[in-house]
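Student: Turn this into a model:
(one chain, ligands or ions: 2)
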Amino acid sequence: MATASATTPTIAQVRAYTVRGKGADYHDQSGYHWIDDHIATPMSIYPEYRRSRQSFGINVLGTLVVEIEADDGTVGFAVTTAGEIGAWIVEKHLARFLEGRPVTDLERIWDQMYRSTLYYGRRGVVLNAISGVDLALYDLLGRLREEPVYALLGGPVRDELQFYATGARPDVAKELGFIGGKMPLHHGPAEGEEGLRKNLDALADMRSRVGEGFWLMWDCWMSLDVDYATRLAGRAAEYGLRWIEEALIPDDYWGYAQLKRQVPAGMLVTTGEHEATRWGFRQLLETGIDIIQPDVGWCGGITELLKISAMADAHGTMVVPHGSSVYSYHFVVTRTNSPFAEFLMMHETAEEIVPMFAPLLLGEPVPENGRLRVPDTPGFGVELNPEVERTRPFTH
Ligand SMILES: C[C@H](O)[C@H](O)[C@@H](O)[C@@H](O)C(=O)O
Ligand SMILES: [Mg+2]
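Tutor: Ligands and ions are numbered 1, 2, ... in the order given. Predicted coordinates:
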């Protein structure tokens, strides 16, 4: 086995912490928040779970913080959605593939984390945990080399990022300089024609507020079936819907292929935030959809997203990662088939710009006038807020 050169630091210790409330698990909000206001979901077929996504547990996981310390004392970290489950996986299973290894062993470490958890992982929270470890490794490597992560990925292909905004107020997003506004869909098939009418009325109202040419999109968060999505898309064309996002459950690759064939010409079909690994995205790419939207904190991290993005590029498919703050910004700025990025409006009424993972990260950059020059601070350029309480629930 290749061993570390005398100058390459080795990994001394891996530590996993949890944080409750906001942070990387940005659905974990308290009080009123647009992100939990009667949004259609796969659980909307059950009336008792229709009003709030927290009612069925969208925020049960919480934030996972992964810290990786090198033998010279340098510490890299990253945050994702995985909570105590993720902390257990990192401490009790994944740490063994890192400690004692050179910090440059990204590919071998990723491959061993993935293969060793296949019997209970493949997607979901195990890949969230693997992603958190991979992102923390990239942060550590950047700090050791005194380079921003984007410089480790081949360097920027553009001077700044441009963003669309996700939230309840695309009209405000337009005033703030974003290139488009993605709204949550509020009513699913279980609410019948009345719900479909309400969806279209909301879209028509927003189109009247933003005028022609400003992108409007719907995020359907896995709540529809092919028939409803086809009918909704067909009637939304009148209002210039730019794309219909995550209409179906992630495993319905066949449905996505059918939906892509059935939506009006010019309307894009997108999905991917709940997909993981190159194998999952290969299946998605074969459906012919227009944009894949992996979350770099959930799909396998940077090491896997590089592979996913290259596959998509060969398919002529855009990669616009699901909003994941600095972790996606450092990636998007280096990819020609990622022409814009997502910014999630985490202000409770989506009327102001606040950092996506607030208050978890110090130095978390936000777009100005819908644009951002990614800072060249080493690693991902952020620090954990010491004011935020964190717990280390497990050790190894
Ligand atoms: C706004 C959507 O319902 C989700 O809350 C959002 O996290 C995700 O789907 C997105 O694309 O930003
Ligand atoms: Mg989405």
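
Student: Report the secondary structure state of residue 346.
Tutor: coil (DSSP: H, G, I helix; E, B strand; the rest coil).

Student: Contacts only, for residue 88.
Tutor: Counting by C-beta atoms under 8 Å, 6 or more residues apart in numbering, residue 88 touches 16, 393, 394. Every C-beta, even on glycine, is put in place using the N, C-alpha and C of the backbone.

Student: With residue 358 instead?
Tutor: Residues near residue 358 by C-beta under 8 Å, 6+ apart: 22, 346, 364.

Student: Give me the buried entries from those residues.
Tutor: 22, 346, 364 (16 or more other C-beta atoms under 10 Å).

Student: Pipe the residues you listed into TSV and attach distance to residue 252 and pLDDT per row.
Tutor: Listed next are the buried ones among the contacts of residue 358 as TSV, based on distance: C-beta to C-beta, whole Å; pLDDT from 0 to 100:
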residue	distance to residue 252	pLDDT
22	31	89
346	29	98
364	35	98
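
Student: Could you tell me which residues of the stretch 151-300 of the chain lie near ligand 2?
Tutor: Counting by C-beta under 5 Å from the ion, the residues of the stretch 151-300 of the chain close to ligand 2 are 219, 246, 273.

Student: Helices - which of those land there?
Tutor: Cross-referencing those against helices under DSSP state H gives no overlap.

Student: Would you map the strands across the stretch 1-150 of the chain?
Tutor: 11-19, 63-70, 75-81 (DSSP state E, counting those that start in this stretch).

Student: Quick check: which of those strands is nearest to ligand 1?
Tutor: strand 75-81 (10.1 Å; C-beta to the nearest ligand atom).

Student: Could you list every helix and strand in contact with that closest one?
Tutor: Contacting strand 75-81 under the criterion 3 or more C-beta pairs under 8 Å, 6 or more residues apart in numbering; DSSP states H and E are the following elements: strand 63-70, helix 124-145.

Student: Let's have the residues of the stretch 151-300 of the chain next to ligand 2 in JSON lines, adding neighbour count and distance to residue 331.
Tutor: Below are these laid out as JSON lines (neighbours: other C-beta atoms under 10 Å; distance: C-beta to C-beta, whole Å):
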{"residue": "219", "neighbour count": "25", "distance to residue 331": "21"}
{"residue": "246", "neighbour count": "24", "distance to residue 331": "20"}
{"residue": "273", "neighbour count": "23", "distance to residue 331": "14"}
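
Student: With residue 246 as the reference, measure out to residue 292.
Tutor: Using C-beta to C-beta, to the nearest Å, we find residue 292 at a distance of 11 Å from residue 246.

Student: Report the set of residues contacting both of the two.
Tutor: 270, 271, 272.

Student: In contact with the residue in the stretch 101-250 of the chain that ligand 2 sits nearest to, which residues?
Tutor: Residue nearest to ligand 2 within the stretch 101-250 of the chain: residue 219 (4.3 Å; C-beta to the ion). By C-beta under 8 Å, 6+ apart, the contact list for residue 219 reads 166, 182, 183, 184, 185, 245, 246.

Student: Identify the farthest-apart pair in the residues you listed.
Tutor: With C-beta to C-beta as the measure, no two of these lie farther apart than 183 and 246, at 13.0 Å.

Student: The residue lying closest to residue 135 once chain neighbours are set aside bridge partners, please.
Tutor: Leaving out its chain neighbours, the residue that sits closest to residue 135 by C-beta to C-beta, 6 or more residues apart in numbering is residue 78, at 3.4 Å. Bridge pairing for residue 78 (DSSP bridges) gives the partners residue 66.

Student: Okay then, goodbye and thanks.
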